[in-house]
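> this is the structure alone, sequence omitted:
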C-alpha cells in the first residue's frame with residue numbers, strides 16, 4: 001500500500017514557520033554570546049588602559065614622594081623638622097610602591113584575559129592601550145531604548161519564541177481540518193508474484209472530529225504558551241530598559257567625576273605641590289645654635305650598685321614611711337621613717353648619766 005497526503009490545510013507551511021522561528025532563536029542566542037564576548041574584550045581592554053594610566057600617575061607620585069623625603073631629611077638635619085615627619089614621608093612612599101605592585105598584578109590579569117578572549121596565549125605581549133583624550137558623547141535614553149528594543153538579543157529571542165508559539169497555536173487550530181490522501185493498495189499478483197495484476201486507488205480523508213476534547217486542549221495549551229511568551233518578552237524589555245538606564249546613570253556619574261578630577265582636583269594638587277617645592281627653595285636662612293634633640297624609645301633601669309638596705313639593731317615599730325613607692329628620690333640626711341622602740345632607752349640608761357639620758361630620750365621622741 002502506498003499513501004501520499006495532500007496538505008491542503010496549511011500544516012506544512014505552519015511547520016516551516018515553527019522551524020524558522022527556532023532558527024531565529026538560535027541566531028539570537030548566538031548574537032547574545034557574541035555581544036558578551038565583545039563586551040568582555042572591551043572591558044578587559046579599557047581595564048588594561050586604566051591600570052596603565054594609574055601606573056603612570058603612581059610613578060609620578062613616587063618621584064614627588066622622594067623629593068618630599070629629601071626635603072624632610074634636609075629640614076630634619078637643621079632642626080626645623082621632626083623625625084616623625086621623615087618617617088611619615090617614607091611610609092607614604094612605601095604605600096605608593098605597594099599600590100604599584102598591586103596595579104601591575106591586576107594589569108597582568110587583564111592582559112591574560114584579553115589574550116584569551118582573542119584566542120591567543122595568555123602571555124602574548126600587548127602594546128600600550130590607546131585611550132581617547134576626549135569623552136565621547138552620550139545618546140538619549142529614548143534613542144537607546146528604541147535601539148535596544150529592535151536589536152537586543154534577549155528581546156529578539158523572546159520575539160522568536162512568540163512566533164514559534166503562535167505558529168503552534170495556528171497548527172493546533174488547523175488540526176480540525178482533515179487533509180486528503182491518495183492511497184494505492186494492491187489486491188492480487190501474477191502467478192510469478194513479480195507484477196501486480198489488480199490494485200485499488202482511493203482518496204482517503206482522516207477526520208479528527210472523533211476526539212474534540214483533545215483538539216480543544218491542544219489549542220488551550222498553545223494559547224497559554226503564546227501569552228507566556230508575550231509576558232516574557234515584556235519582562236525582557238523591562239529588564240533591558242532598566243539595565244540601560246542604570247548604565248546611563250553610571251556613565252553620567254563617571255563623566256562628572258572625570259571632569260571634576262581633570263578640571264579641579266589635579267590642577268589644585270599640582271599647585272599645592274609647586275607651592276611646597278617653592279616654599280622649600282625660597283625658605284629663609286636663619287642662624288641658629290648647632291643643636292639637635294633626638295627622641296628615642298627605651299627602658300630606664302635603676303642602678304643596683306646604689307641600693308642601700310637599713311637594718312634595725314633593736315626591736316621596734318615603724319610608725320610611718322615617708323618614702324612609700326618604688327623609685328622615690330632621697331637625699332642624704334632625709335628622714336625615711338620614725339622607729340618607736342623601748343630598747344634604746346634601757347641601753348642608753350646603762351651608759352649615760354640620768355640628765356643626759358632624759359635629754360636624749362626627749363630628743364629621740366621629738367624626732
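Everything's here; your move. These figures come from a predicted structure and were not determined experimentally.
> any idea of the mean pLDDT in stretch 91-99?
Stretch 91-99 carries an average pLDDT of 92.
> residue 319 contacts residue 338, doesn't it?
Yes: the criterion here is C-beta atoms under 8 Å, and residue 319 meets it with residue 338 at 4.9 Å. (C-beta placed from N, C-alpha, C; glycine too.)
> neighbour count for the two, which is higher?
Higher neighbour count among residue 319 and residue 338: residue 338, with 15 against 9, using other C-beta atoms under 10 Å.
> where does that one land on pLDDT?
pLDDT for residue 338: 83.
> need the contact list for residue 54.
In this structure, residue 54 makes contact with residue 103, judged by C-beta atoms under 8 Å, 6 or more residues apart in numbering.
> tell me which element it is part of?
Using DSSP states H and E, residue 54 sits in helix 11-77.
> what's downstream of that helix, the next helix or strand?
Scanning forward in sequence from helix 11-77 by DSSP H and E, the next helix or strand is helix 83-117.
> report the buried residues of that next one.
Neighbour-count burial for helix 83-117, counted by 16 or more other C-beta atoms under 10 Å, picks out 85-86, 89-90, 92-93, 96, 100, 103, 106-107, 110-115, 117.
> which strands and helices lie in contact with that helix?
When contacts are defined as 3 or more C-beta pairs under 8 Å, 6 or more residues apart in numbering; DSSP states H and E, helix 83-117 packs onto helix 11-77.
> chain center to the helix it packs on: distance?
Mean C-alpha position of helix 11-77 versus that of the full chain (C-alpha atoms, centre = their mean, to the nearest Å) differs by 14 Å.
> quick check: angle from that helix to helix 83-117?
160 degrees (axes from the mean of the first three to the mean of the last three C-alpha atoms, to 10 degrees).
> and helix 11-77, average pLDDT?
pLDDT averaged over helix 11-77 gives 85.
> contacting residues for the residue positioned nearest the centre of the chain?
For the chain, the residue nearest the mean C-alpha position is residue 106 (12.2 Å; C-alpha atoms, centre = their mean). Listed by C-beta under 8 Å, 6+ apart, the contact set of residue 106 reads 47, 51.
> neighbours of residue 297, how many?
Residue 297, neighbours per other C-beta under 10 Å, totals 4.
> phi first, then psi, for it.
Note on residue 297: its backbone torsions stand at phi -100, psi 140 [degrees, to the nearest 10].
> which helix or strand contains residue 259?
Going by DSSP H and E, residue 259 is in helix 212-260.
> which other helices and strands does that helix contact?
helix 141-151, helix 153-174.
> how far does that helix sit from the chain's center?
On C-alpha atoms, centre = their mean, the centre of helix 212-260 falls 28 Å from that of its chain.
> where's the nearest residue to residue 73 once chain neighbours are set aside relative to residue 294, distance?
Nearest non-adjacent residue to residue 73, counting by C-beta to C-beta, 6 or more residues apart in numbering: residue 86, 6.0 Å away. Remark: distance between residue 86 and residue 294 (C-beta to C-beta, to the nearest Å) = 12 Å.
> show me the contacts for the closest residue to residue 339 other than its chain neighbours.
Nearest residue to residue 339, sequence neighbours excluded (C-beta to C-beta, 6+ apart): residue 316, at 4.7 Å. Residue 316 sits next to 339, 340, 341, 342, 343 when contact means C-beta under 8 Å, 6+ apart.
> any chance of these in CSV, plus distance to residue 266?
Below are the contacts of residue 316 laid out as CSV (distance: C-beta to C-beta, whole Å):
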residue, distance to residue 266
339, 80
340, 82
341, 85
342, 90
343, 89
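> so which of those residues are in strands?
339, 340 (DSSP state E).
> now the contacts of residue 316: which count as buried?
For those, buried by 16+ other C-beta under 10 Å: residue 339.
> of the contacts of residue 316, which is the nearest to residue 325?
Nearest to residue 325, judged by C-beta to C-beta, of the contacts of residue 316 is residue 339 at 20.2 Å.
> how much space separates that closest one from residue 308?
With C-beta to C-beta as the criterion, residue 339 and residue 308 are 16 Å apart.
> okay, now the unreliable bits of this protein?
1-9, 132-138, 178-181, 183-211, 283, 285, 288, 290-292, 343-367 (pLDDT under 70).
> care to break it down by domain?
What automatic domain parsing lists as the domains of the chain is 2-129+138-281, 304-366.
> with distance to residue 298 as new columns, can these be given to me in JSON lines?
Formatted as JSON lines, the domains of the chain follow (distance: least, C-beta to C-beta, whole Å):
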{"stretch": "domain 2-129+138-281", "distance to residue 298": "15"}
{"stretch": "domain 304-366", "distance to residue 298": "16"}
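> so for residue 289, which of the ones you listed sits nearest?
Taking C-beta to C-beta, domain 2-129+138-281 is the member of these nearest to residue 289, at 8.8 Å.
> just give me how far that closest one sits from the chain centre.
Here domain 2-129+138-281 is found 21 Å from its chain centre; the criterion is C-alpha atoms, centre = their mean.
> sec struct for residue 182, please.
Reduced to three states with DSSP: H, G, I helix; E, B strand; the rest coil, the structure at residue 182 is strand.
> beta partners of it?
residue 4, residue 203 (DSSP bridges).
> number of nearby residues for it?
Using other C-beta under 10 Å, residue 182 has 13 other residues around it.
> and residue 216, by the same measure?
Count around residue 216 with other C-beta under 10 Å applied: 12.
> kindly report the same for residue 51.
22.
> hang on, it packs against residue 111?
No: using C-beta under 8 Å, residue 51 is not in contact with residue 111; the gap is 9.3 Å.
> surely residue 341 is in contact with residue 314?
Yes: at 5.0 Å, residue 341 counts as touching residue 314 under the criterion of C-beta under 8 Å.
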